[in-house]
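Participant: Structure for the following, please:
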Amino acid sequence: MIRKLFVLLETGVVLAGLLLGLAFWQQSNALRQPLKLNQEQMLDVPSGASPTGVLNRLQLEGVIKDAFWLRLYWRFNLSGQSLHSGEYRMTPGMNARSLLALWEKGEVVQYSLTLVEGWNFRQVRAALGKQAKLEQTLVNLSDSELMARIGHPNVFPEGRFFPDTYRYVRGMTDVELLKQAYNRLDEVLQDEWNKRAADVPYVDPYQALIMASLVEKETGVPQERGQIAGVFVRRLQQGMLLQTDPTVIYGLGERYNGKITRAFLKEATPYNTYVISGLPPTPIAMVGREAIHAAMNPMPGNSLYFVARGDGSHVFSADLDAHNAAVKQFQLTRRADYRSSPAPVTVPTPGVDPVPRIDESAPELKAPEQDASEPKRSGEQPEPEPSGAAKPEAAKPAPEKAGVEPSSEASGKAEKDDSSPQ
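Facilitator: Take a look at the predicted model:
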């Protein structure tokens, strides 16, 4: 009897060994099997999906077979590993083991969106809307509703997002991406504010951000940002109008057609720095760290004017006579390839009209009031001839401005704002 029991036990052990060997062989075959694909495919794994459900789906679609053995492999070898949602790239020649390794590492396909320095918020929204892999939840919202959705109600959106390349995976929402850009801007702005020069004329970081947006729109030459900021700061400190074209263009909104006329320079908008004293009420574009740093650390000097050379750089002048001479030299006789800014960098533009505007669908979102501490309007005291106050004869330059070419010949500046964002 004992001998029979021993024989049965021995037979059971042998059978169990055979079954285990067979199971190991089956599982190895299942892991080595190539995925049945003719071309690259993306495997979409939605949030909350389980390896069992995804493997069963792949078997039903004919991409794999023997899903049972693959499920067992995951259960016994990767039971503590969660399956990240997103897209996984499956290529011809890949086997099941390689696919499971992607799941184990969470190597989901990433996409990117680049927000470009100098873009306005309208362009940001257009770029977001073109991201097919991003879950769109903000499309039909006004700007004010959008800001409330990302957790910042009653904040004007212009200039409040940091230009950078942001990566995302399928299923991520546009809200999540915008929150990243908003928080990143706050971090950079505060960091630069803590390192600002002692004598800058800003009462808070937001005023510095406004100035940075003017610097951003006026030049794409990195080494000039500090000089541009220096001109604007000195004009503020001396009670002069800033007189910069990008603010006129922003205030015109969709009416801007590439030309700045004398009438536009005289038109009273909240942003027209030929009319208002001090800074405009809000930023006019997104700004990078370099422009923020320049605004908070303007280059010292005595220049109060600058004019575009035509190659993207500028000539800086300390007095109106020198500025008029530079205007005569570089504006009245223009080279064929004249540019007021460097040639645009090729970037993924959103493909919409880049004319800046304030969102009119959200009238309740008011622009901040002009700070009372800003300089008085320059008309209340003697000032250097601004922007054409010294009307020369017909052979002389058109009206002068603080920053760029004469207002009656604004095509160079329009070139910057009509081209792809810098």
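Participant: doesn't Ile276 make contact with Gly251?
Facilitator: No. Gly251 is beyond contact range of Ile276, at 9.3 Å (criterion: CB atoms under 8 Å). (Each C-beta comes from the backbone N, C-alpha and C, glycine too.)
Participant: Compare these two (neighbour count), which wins?
Facilitator: Gly251 (25 against 20; other CB atoms under 10 Å).
Participant: ok, which stretches of the stretch 201-350 of the chain are helices?
Facilitator: 205-218, 225-237, 245-252, 262-266, 289-296, 320-330 (DSSP state H, counting those that start in this stretch).
Participant: now do the same end-to-end measure for stretch 108-116.
Facilitator: Across stretch 108-116, the terminal residues are separated by 25 Å (CA to CA, to the nearest Å).
Participant: repeat for stretch 146-158
Facilitator: 12 Å.
Participant: buried ones in it?
Facilitator: Under the neighbour-count criterion of 16 or more other CB atoms under 10 Å, stretch 146-158 has Leu146, Met147, Ala148, Arg149, Ile150, His152, Val155, Phe156, Pro157, Glu158 buried.
Participant: same question for that stretch, mean pLDDT?
Facilitator: Average pLDDT, stretch 146-158: 97.
Participant: so which strand or helix has Glu87?
Facilitator: Element membership for Glu87, per DSSP states H and E: strand 86-90.
Participant: other SSEs contacting whichever helix or strand comes after that strand?
Facilitator: Next along the chain after strand 86-90, taking DSSP H and E as the criterion, comes helix 96-105. Helix 96-105 is packed against helix 2-32, helix 67-77, strand 86-90, with contacts defined by 3 or more CB pairs under 8 Å, 6 or more residues apart in numbering; DSSP states H and E.
Participant: what bits of this structure have low per-residue confidence?
Facilitator: 1, 4-24, 332-422 (pLDDT under 70).
Participant: What separation do you get for Glu218 and Ile210?
Facilitator: Using CB to CB, to the nearest Å, Glu218 is found at 13 Å from Ile210.
Participant: Looking at these two, which is more packed in?
Facilitator: Glu218 (28 against 24).
Participant: how much space is there between that one and Gly251?
Facilitator: 16 Å.
Participant: Mind listing what's buried along stretch 37-56?
Facilitator: Gln41, Leu43, Asp44, Val45, Pro51, Val54, Leu55, Asn56.
Participant: my guess is the fourth one meets Arg89, correct?
Facilitator: No. With contact taken as CB under 8 Å, Val45 and Arg89 are classed as non-touching, separated by 11.9 Å.
Participant: Now do the buried residues in stretch 258-266.
Facilitator: Ile260, Arg262, Phe264, Leu265.
Participant: CA atoms of that stretch as CSV?
Facilitator: The C-alpha coordinates for stretch 258-266 follow below in CSV (Å, rounded to 0.1, in the frame of the first residue of the first chain):
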residue,chain,number,x,y,z
GLY,A,258,-0.1,96.3,-41.2
LYS,A,259,0.2,100.1,-41.2
ILE,A,260,0.3,102.6,-38.4
THR,A,261,-1.1,105.9,-39.5
ARG,A,262,-0.9,109.3,-37.8
ALA,A,263,-4.5,109.0,-36.9
PHE,A,264,-3.8,105.7,-35.1
LEU,A,265,-1.0,107.3,-33.1
LYS,A,266,-3.5,110.0,-31.9
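Participant: how far out from the middle of the chain is it?
Facilitator: 29 Å (CA atoms, centre = their mean, to the nearest Å).
Participant: same question, stretch 197-215
Facilitator: For stretch 197-215, the distance to the chain centre is 20 Å (CA atoms, centre = their mean).
Participant: List the contacts of that stretch.
Facilitator: If you take CB atoms under 8 Å, 6 or more residues apart in numbering as the criterion, stretch 197-215 is touched by 159, 189-190, 192-193, 196, 225, 228-229, 232-233, 236-237, 242, 244, 246-247, 279-287, 291-292, 294-298, 368, 371, 373-374.
Participant: you'd agree Tyr111 is in a strand?
Facilitator: Yes. Secondary structure of Tyr111 (DSSP: H, G, I helix; E, B strand; the rest coil): part of a strand.
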